[in-house]
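K.L.:
I'll drop the sequence and a predicted model, then ask my questions.
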2 protein chains.
Amino acid sequence: MRNYILIVYDVKEKRVNKILKICRQFLDWVQNSVHVGELTKAVFEKLKVKLTKVTNKEEDSIRISKIRTGKMLRLEILGIHKKQVLDNGII
Amino acid sequence: MRNYILIVYDVKEKRVNKILKICRQFLDWVQNSVHVGELTKAVFEKLKVKLTKVTNKEEDSIRISKIRTGKMLRLEILGIHKKQVLDNGII
């Protein structure tokens, strides 16, 4: 069974790329510092272990919201849909 | 009935303060560009009208995730809990 995961991070500049790369291995980039996706428990734990290794506990903040399924969530976007813009190669 | 709202915005610098102020009227600031809270449908619509007025559709992106209740969501934070840090006046 997969859960819907939404990660938002607020980290020191020097660690942004590392955290971006890890999140991209598991989730979709949808907006600066925001990644979403559906992960099994085992894969989710792997992601957390990788993130925990590179996170500075005193300086960084990674906020992980988990819900049982993406079907429980209604998404509305005001303005541009950054992921589509990225997919169409405009960014 | 209230829904749980999570807003993440990625907007041009010149509009950040305006959008921050509007979000703070309705929701809790929990991390840079991230606000959460439980709103009735009517209040949520008011928030959206205000945000739509100040958003530049071609440059800004405001991502609104809505779920029926916060009880459906599990929150995990790696590193510092920015809202607590703010509440304790450290930021």
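P.N.:
Yep, it's here. Numbering: from 1, shown residues only, chains lettered A, B, ... in the order given.
K.L.:
C-alpha only now, for contacts and for neighbours.
P.N.:
Will do.
K.L.:
and the closest residue to residue A:70 other than its chain neighbours, what are its bridge partners?
P.N.:
Spatially, and ignoring its direct neighbours in sequence, residue A:70 is nearest to residue A:4 (5.1 Å; CA to CA, 6 or more residues apart in numbering or on different chains). Bridge pairing for residue A:4 (DSSP bridges) gives the partners residue A:38, residue A:67.
K.L.:
report pLDDT for residue A:4.
P.N.:
Confidence per residue is given as pLDDT, and for residue A:4 that number is 95.
K.L.:
how about the residues of chain A that lie near chain B?
P.N.:
Contacts of chain A with chain B, taken as CA under 8 Å from any CA of the partner chain, map to A:10, A:31-32, A:34, A:52, A:55-68, A:72-82.
K.L.:
so which of the residues you listed are in helices?
P.N.:
A:52, A:82 (DSSP state H).
K.L.:
who's in contact with the nearest residue to residue A:41 once chain neighbours are set aside?
P.N.:
If you skip the residues right next to it in sequence, residue A:41 has residue A:2 as its closest partner in space, 6.9 Å away by CA to CA, 6+ apart. Remark: with contacts taken as CA atoms under 8 Å, 6 or more residues apart in numbering or on different chains, residue A:2 is in contact with A:38, A:39, A:40, A:41, A:68, A:69.
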